[in-house]
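Engineer: structure, please.
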Amino acid sequence: MSRIVDLPHSIALEGVSNLRDLGGWPTRDGGTVKRGQVFRSAALHGLTEKDIAALRSLGVHHIVDFRGDGERERWPTKLTQGVSIHELTIQPTIGASLRDLVQDPNSTAEDVVRVMRAAYGSYITDWAHRYRTMFDLLLHETPAPLLFHCTAGKDRTGVAAMLLLSALGVEEEVIHHDYLATNRLWRRDAEVSAGLPQVVADTLLSVQPAFLEAAYEAIHAGWGSIDAYLHQQLGLDDARMAVLRARLVE
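Structural biologist: Below is the predicted model of the structure:
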């Protein structure tokens with residue numbers, strides 16, 4: 001763990017938070033994930049002109065947007081010129097359940113955890129095709145720096161980061177370190193939290209180990225191991241995995 005004290009590598013912007021380079025993480029075979037290749041963030045609707053210039057300086061060319069149609073319509077991305085935007089929609093699965101929690105004065109933090117765990121399980125079982133497409137982009141013949149995001153950059157994005165870092169050979173403990181960094185790097189968007197009871201907001205607008213564990217549990221229940229899931233659901237056979245690691249690990 002001594003190699004990850006100063007990670008993740010966060011990039012400060014004026015209008016968007018939770019932007020970080022996925023590079024720098026150690027792999028179990030002694031390598032390091034390359035910097036400047038893959039980034040994760042919250043939604044890009046708050047970008048300022050200075051922020052856009054900063055993203056251009058990073059060389060970001062591909063943007064993967066995991067948000068649902070309604071989210072995308074409400075908070076349109078401001079960076080559209082000179083980039084390829086890939087709308088890999090993962091519709092929010094907590095809408096109806098969240099409405100029930102908001103309307104119930106007796107809702108507890110445990111209720112929110114239950115809803116979030118169900119959502120993470122769904123990302124694994126129902127939306128693997130979206131994550132598979134992200135890997136296809138990373139394996140394109142002429143890859144360019146890629147940024148992926150959802151709304152807060154914590155849940156659908158957190159699972160994407162977990163899958164990518166797993167494929168690159170990063171230890172699970174280290175992946176959790178990256179995942180939990182959201183709690184200090186994401187500036188809660190007032191629009192996202194508006195109208196939520198405090199007990200709901202405090203849990204919903206954060207990340208917890210129990211959330212990501214639900215994704216791992218769904219993987220192990222359905223496929224037995226993360227390697228089997230990556231191979232069978234995301235198309236990462238030995239040859240494609242070798243190409244991915246050659247490009248993104250040094």
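Engineer: stretch 16-32: end-to-end distance?
Structural biologist: The stretch stretch 16-32 measures 27 Å between its terminal residues, going by CA to CA, to the nearest Å.
Engineer: in this structure Trp75 contacts Leu47, no?
Structural biologist: No - the pair Trp75 / Leu47 is not scored as a contact, 11.0 Å apart, by CB atoms under 8 Å. For every residue, glycine as well, the C-beta is placed using N, CA and C.
Engineer: and the closest residue to Thr182 other than its chain neighbours, what does it touch?
Structural biologist: In space, and not counting its chain neighbours, Thr182 is closest to Lys154: 4.4 Å by CB to CB, 6 or more residues apart in numbering. When the contact criterion is CB atoms under 8 Å, 6 or more residues apart in numbering, the partners of Lys154 are 18, 42, 182, 186, 206-207.
Engineer: over to His61?
Structural biologist: Shown here is His61, whose contacts under the criterion CB under 8 Å, 6+ apart are 82-84, 144-146.
Engineer: closest one of the residues you listed to Glu71?
Structural biologist: Within the set of those, Val83 lies nearest Glu71; the separation is 18.7 Å, counting by CB to CB.
Engineer: look up phi and psi at the residue lying closest to the closest one once chain neighbours are set aside.
Structural biologist: Leaving aside its chain neighbours, Val83 sits nearest to Ile63 (5.4 Å; criterion: CB to CB, 6+ apart). Backbone torsions for Ile63, taken as degrees, to the nearest 10, come to phi -120, psi 120.
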